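> my questions are about this predicted structure, shown below with the sequence.
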Amino acid sequence: MWSKIISYIPSWSTLFQAGLALVIPLGIYYINTSIYSFVGSKGAKSKHSSDRPLSDEHNEGHADQQHEPSSKITGNYDSDFKSIREAIGENSDVHFREFVVKKYHARSVLIFIEGMQDEKLMSKQVLEVLMYEGQQDPQEQQESISNSFIKDNLMPLTQISEVADMEDLQESILLGHTALLIDGMKGALLVGSPNGAIRSVNEPTSEALLRGPRIGFTEVLSENTSMLRRQGLNKSLEMKKFQVGSRIKKDLVVAYIKDIVNPDLLEEVTRRISKIDMDFLAESGYVEQLIEDNYLSPFQQAHNTERPDRVINALLEGRIAILLDGTPFALIVPVTFSMLLQSPEDYYERWIPGTLLRLLRFSGAFIALMGPALYISFISFHPGLIPTKLVISIIETRQGVPFPSVIEVMILEISIEILREAGIRLPKPIGPAMGIVGGLVIGDAAVNAGIVSPFLVIVVAVTAISSFSIPTYSAGITLRLLRFVGMLFAAILGMLGTILFFLLICIHLTKLKSFGVPYVTPFSPMRLSDWKDMYIRAPISMMKRRPLMMKTQQTKRRP
């Protein structure tokens, strides 16, 4: 009797695996909770300890500013010219072009940064007008020179503004504006706008399509906003401008459609952007990391794109776009996981091919994430789940391989990732050739040397190709990173660890939010009306409503 009871008790290895299956998720949960509590308490302490000194210093700074007189532009050419030269300092790229205004016989200077203005425009609309045009009228010459008269009567420019303070003038010049100082004129004029050399509009390199518009954003913010305007006439499209960066300032635009966007979402986005406090934002990736909900999550919570058509379609769904000067990548918020696997080409093709392509991408994403982990689970722990003939074939190919399956997979996966990174960083003419040739040579050499099995080469190749099917490059990086974690789970617990790994990702995704929108909606929480644009792409005639998850002001696309 006792022997029969003992026979039903699992072996110590099974009990050990069950214990690990219980301990690992609990450990991850407590580690995650500890990190959040530690970061939150540290931030609260630093804020509490710094509030009083900062406020005192701020008040002292204001007191000093109240006592110090502001350096106004007086209209005395010699003193103003000397002051601005001292303020500019040793900046060798700042040029001073002195001349005489014919109408008033007044000395003048045009101050600009080399390469930051349209020289032909300045020569024709400023220098030629002031130096050669205008009649000499003794009565007008005796009067004081007026900013408004010069701006309204002598300067044929669309963009011109006045500056009265020397500090503001210095800042404007260093930001690329062209300044005009005239003897006797109290204040200075900023003529034109910064206009450096820019690249032409090209097809987006990170989101290539076979069918669709061939234009992508550039590094000039005004050009990008005009591309959105050129998508079609829409009087409700609004763009709110911010200045970000405490030391080096850059323009940032928040674009939305006023009568569609959720006001609460717009308020939350503007609140987070207004709280950005950083010396310099070189790229929209900085903005993405500073405004996201959960910076500890490996999944991106803002979608980056180079395509104006993708941005305008997102705005029509009630989302918000963030454009930063100096980068061709715009951000779309909020984002869901299904968005990362969708391509604009899904909507340009008919719904049946579009649905097929989308299902292929979802399948490719699953293979890219779980392929190596499933291989390790089957080969090392559960070979009985594989058909007999296939098992025999795999065993024959693994004869002579000196490493266990997890080490074998790690060697090949790391090699593929290094080749992929090298192909991106190398010059374009040799980068793709290096990746293809390197992969073939290394794979064939590893098989011939007996380091890896031929079947594993097939698995890794299919996994790598599947990761290329993901339209968003950042989402592909996330799945490639998590792939290694899944391999470790599979190496420790087999199929149980693989399933546990997948469940942990699902749990994390269900808890993750992007600006208040659940990351895996409409799958969870369940919204069946939004499923027509998730796994499948329903006919356009059936998509009459905007996504319910966005809580837009107008739910119907065709009211």
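Now that the structure is in, tell me what you want to look at.
> can you pull the phi/psi pair for Glu114?
When read as degrees, to the nearest 10, the backbone of Glu114 gives phi -60, psi 130.
> you'd agree it is up against Asp93?
Yes. Judged on Cβ atoms under 8 Å, Glu114 makes contact with Asp93 at a distance of 4.7 Å. Placement of C-beta: from N, CA and C, glycine included.
> can you give me the strands in the stretch 451-559 of the chain?
Assigned by DSSP state E, counting those that start in this stretch, the strands in the stretch 451-559 of the chain fall at 513-514, 517-518.
> direction included, what does the first one pair up with?
So the one you mean is strand 513-514. strand 517-518 (antiparallel) (DSSP bridges).
> residues making contact with the strand it pairs with?
Outside strand 517-518, the residues that touch it by Cβ atoms under 8 Å, 6 or more residues apart in numbering are Pro334, Thr336, Thr510, Leu512, Ser524, Pro525, Met549, Met550.
> circling back to that earlier point, could I get the strands of the stretch 451-559 of the chain as TSV with distance to Glu317 and mean neighbour count?
Supplementary listing: the strands of the stretch 451-559 of the chain in TSV, determined by distance: least, Cβ to Cβ, whole Å; neighbours: other Cβ atoms under 10 Å:
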stretch	distance to Glu317	mean neighbour count
strand 513-514	14	20
strand 517-518	11	20
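> with distance to Ala461 and mean pLDDT added, can I get the ones you listed in CSV?
Formatted as CSV, these follow (distance: least, Cβ to Cβ, whole Å; pLDDT from 0 to 100):
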stretch, distance to Ala461, mean pLDDT
strand 513-514, 33, 92
strand 517-518, 35, 92
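> using TSV, please lay out those together with distance to Glu306.
As requested, the strands of the stretch 451-559 of the chain are arranged in TSV below (distance: least, Cβ to Cβ, whole Å):
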stretch	distance to Glu306
strand 513-514	20
strand 517-518	23
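> does Ile260 touch Ala314 like I think?
No. Judged on Cβ under 8 Å, Ile260 makes no contact with Ala314 at a distance of 10.9 Å.
> which one of these two has more residues nearby?
Using other Cβ atoms under 10 Å as the criterion, Ile260 and Ala314 rank with Ala314 on top: 23 against 20.
> so where do the strands sit in the chain?
94-101, 106-113, 160-163, 178-182, 188-191, 237-244, 250-257, 303-305, 320-324, 330-333, 513-514, 517-518 (DSSP state E).
> how about these, which one is nearest Ser79?
Among the strands of the chain, strand 178-182 comes nearest to Ser79, with 10.9 Å by Cβ to Cβ.
> let me see the contact set for Phe489.
Taking Cβ under 8 Å, 6+ apart, one finds Ile24, Ala373, Gly497, Thr498, Leu500, Phe501 in contact with Phe489.
> swap in 7 Å and give it another go.
The contact partners of Phe489, by Cβ atoms under 7 Å, 6 or more residues apart in numbering, come to Ala373, Gly497, Thr498, Leu500, Phe501.
> burial count for the last one?
Here the neighbour count serves as a burial measure; for Phe501 (other Cβ under 10 Å) it reads 22.
> just checking, Pro213 touches Arg310?
No. With contact defined as Cβ atoms under 7 Å, Pro213 does not count as touching Arg310 (9.6 Å).
> among the two, which residue is more densely surrounded?
Neighbours per residue, other Cβ under 10 Å: of Pro213 and Arg310, the larger number sits with Arg310, 24 against 16.
> if I look at Lys551, how far off is Gly318?
According to Cβ to Cβ, to the nearest Å, Lys551 and Gly318 sit 8 Å apart.
> quick check: neighbours shared by those two?
In contact with both Lys551 and Gly318: Asn262, using Cβ under 7 Å, 6+ apart.
> which of the two has more residues huddled nearby?
Gly318 (23 against 16).
> that one: what's it in contact with?
Gly318 touches Ile260, Val261, Asn262, Arg546, Met550, Thr552, counting by Cβ under 7 Å, 6+ apart.
> follow-up on the earlier one: now, the most widely separated pair of the contacts of strand 517-518?
Of all pairs in these, the most separated under Cβ to Cβ is Thr510 and Met550 at 18.8 Å.
> name the residue in these two with the higher neighbour count.
Between Thr510 and Met550, Met550 has the larger neighbour count (other Cβ under 10 Å), namely 21 against 15.
> count of residues packed around Ser467?
By other Cβ under 10 Å, 22 other residues sit near Ser467.
> how about it: what's its closest non-neighbour residue?
Leaving aside its chain neighbours, Ser467 sits nearest to Ala368 (3.9 Å; criterion: Cβ to Cβ, 6 or more residues apart in numbering).
> ok, now which ones touch the one you found?
Taking Cβ under 7 Å, 6+ apart, we find Ala368 in contact with Thr463, Ser466, Ser467, Leu479, Arg483.
> any regions of the stretch 401-550 of the chain where pLDDT drops low?
429-437 (pLDDT under 70).
> show me where it has its helices.
405-425, 431-448, 454-468, 473-493, 495-511 (DSSP state H, counting those that start in this stretch).
> so which of the ones you listed is nearest Met185?
Nearest to Met185, of those and by Cβ to Cβ, is helix 473-493 at 52.0 Å.
> now that closest one and helix 454-468, what's the angle there?
150 degrees (axes from the mean of the first three to the mean of the last three Cα atoms, to 10 degrees).
> for helix 473-493, which residues meet the burial criterion?
Residues of helix 473-493 classed as buried by neighbour count (16 or more other Cβ atoms under 10 Å): 474-476, 478-480, 482-483, 486-487, 489-493.
> distance to Lys389 added to the contacts of Ala368, as a markdown table?
Converted to a markdown table, the contacts of Ala368 look like this (distance: Cβ to Cβ, whole Å):
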| residue | distance to Lys389 |
| --- | --- |
| Thr463 | 23 |
| Ser466 | 25 |
| Ser467 | 29 |
| Leu479 | 31 |
| Arg483 | 28 |
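> just name the closest of those to Ile291, please.
For these, the nearest to Ile291 is Leu479 (23.2 Å; Cβ to Cβ).
> returning to that earlier point: buried subset of the contacts of strand 517-518?
Here, 16+ other Cβ under 10 Å leaves Pro334, Thr336, Leu512, Met549, Met550 buried among those.
> ok, Asn91 to Phe81 distance?
Going from Asn91 to Phe81 by Cβ to Cβ gives 16 Å.
> could you check which of the two is surrounded by more residues?
More crowded of Asn91 and Phe81, by other Cβ under 10 Å: Phe81, with 18 against 11.
> just give the closest residue to the more buried one, not the sequence neighbours.
Distance criterion Cβ to Cβ, 6+ apart; nearest residue to Phe81, sequence neighbours excluded, is Val109 at 6.1 Å.
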